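Enquirer: sequence below, structure please.
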Amino acid sequence: MVPSENKYLYNGKELQDELLGSVNLDWYDYGARMYDPALGRWHSVDPMAEKYNHISPYVYVGNRPLILIDKDGSIWEPSDAIMQSYAYNMAMKTKQGQSIRQLFSTGKMSNHVYRINDAHIPAGSGGASMGFIRNGKTLPINAIEAEDITSELQLVFKVSISEHSIGSADGAELFGHESFIHQSRKIRKSYELLKLTGDASGEDIANALKTISLQSHFQDESGNFIVNGGQRDHAKFLSGKKPMYNGYMNDLMGVASPEEQNTLMSNLNIYVNQLLEDGNENVKKYVGKEAQEAFKDLKNKYSK
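Expert: Numbering: from 1, shown residues only. Below is the predicted model:
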């Protein structure tokens with residue numbers, strides 16, 4: 001018996017190599033539509049085109065194949081490398097991880113993008129940034145203009161995790177830190193601003209979005225600039241005002257192995273001590289006397 005030819009090739013999709021006239025198609029059947037690898041394009045309109053109406057309905061994952069995939073020709077998702085990573089799957093075992101996934105898939109931020117990627121940065125480090133999409137391209141938020149403020153505007157909230165940490169519990173903690181200490185503030189404020197579209201001027205909204213993203217400086221009662229948004233986020237965490245991160249860490253500890261629990265607690269000790277000891281006098285002034293007392297309590301609790 002002659003074995004049948006395997007036609008499930010690129011991305012596990014079936015090759016359609018029938019002749020159309022005298023031309024061999026060589027398209028891949030994704031289910032929702034056919035993909036032409038020679039062109040890097042689909043041969044029919046995206047069935048979810050209304051969700052991505054800022055770009056051509058024929059492009060593959062918004063021309064970003066390194067970080068996104070399209071399993072069936074309809075909805076973009078994080079790449080398999082991210083979705084299959086240990087850190088991402090560990091994060092998704094928490095209620096908070098699932099809540100942010102739902103927020104951007106079917107919730108009130110479903111028109112916007114929450115992106116996770118592994119970055120070429122030192123182990124144990126991460127980052128949170130904010131941008132937007134214009135004509136199929138992701139641009140930094142400081143490039144946003146008044147004319148971009150429409151109901152079709154797509155904001156992009158990106159969490160970067162060190163490529164050295166994406167395969168460990170460290171990466172899961174970084175996901176939580178960047179998501180629930182930093183990005184949660186940006187998401188909340190952005191949502192409130194975008195609700196003003198059509199009422200407030202586009203210029204005012206665009207400028208306010210830039211301020212959120214750049215973690216601009218905040219003033220004390222005398223008008224002196226004393227702390228930026230990132231420092232304020234850390235100060236609020238230390239004074240017990242980041243409950244989603246605390247809940248996330250509790251859930252994360254619940255799914256971690258004993259060895260991972262020790263690592264997570266050790267990292268948290270180091271992180272808190274660094275915040276308490278590394279030039280945070282202005283942070284203490286910003287968050288007030290109650291936070292100063294919380295700093296003392298935390299220092300006693302976490303210092304070795």
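Enquirer: name all residues that make contact with Gly126.
Expert: With contact taken as Cβ atoms under 8 Å, 6 or more residues apart in numbering, Gly126 is in contact with Ala119, Val159, Ser160, Ile161, Ser162, Ser165, Leu174, Phe175, His177, Glu178. C-betas here are computed from N, CA, C, even on glycine.
Enquirer: kindly recompute the last result at 6 Å.
Expert: Contacts for Gly126 were tallied using Cβ atoms under 6 Å, 6 or more residues apart in numbering; they are Ser160, Ile161, Leu174, Glu178.
Enquirer: which one (most neighbours) among the residues you listed?
Expert: Ile161 (31 neighbours; other Cβ atoms under 10 Å).
Enquirer: so that one makes contact with Gly171?
Expert: Yes. The pair formed by Ile161 and Gly171 meets the contact definition of Cβ atoms under 6 Å, at 4.8 Å.
Enquirer: quick one on the thing from earlier: tell me which of the contacts of Gly126 fall in helices.
Expert: Leu174 (DSSP state H).
Enquirer: residue contacts, Val156?
Expert: Per Cβ under 6 Å, 6+ apart, neighbours of Val156: Val113, Gly131, Thr138.
Enquirer: now distance to Asp46 and pLDDT too, for the contacts of Gly126, in CSV please.
Expert: Listed next are the contacts of Gly126 as CSV, based on distance: Cβ to Cβ, whole Å; pLDDT from 0 to 100:
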residue, distance to Asp46, pLDDT
Ser160, 28, 88
Ile161, 29, 89
Leu174, 33, 92
Glu178, 30, 92
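Enquirer: what's the farthest-apart pair in the contacts of Gly126?
Expert: Comparing every pair within these by Cβ to Cβ identifies Ser160 and Leu174 as the most remote, at 8.6 Å.
Enquirer: secondary structure element holding the closest residue to Leu103 other than its chain neighbours?
Expert: Once flanking residues are discounted, Leu103 sits nearest to Met109: 5.0 Å by Cβ to Cβ, 6 or more residues apart in numbering. Assigned by DSSP states H and E, Met109 falls within no helix or strand.
Enquirer: please report phi then psi for Met109.
Expert: In terms of degrees, to the nearest 10, the main-chain angles of Met109 are phi -110, psi 20.
Enquirer: that one touches Gln102, doesn't it?
Expert: No. Met109 is not in contact with Gln102 according to Cβ under 6 Å; the separation is 9.6 Å.
Enquirer: and these two? Which one has more around it.
Expert: The neighbour comparison of Met109 against Gln102 (other Cβ under 10 Å) goes to Met109, with 19 against 12.
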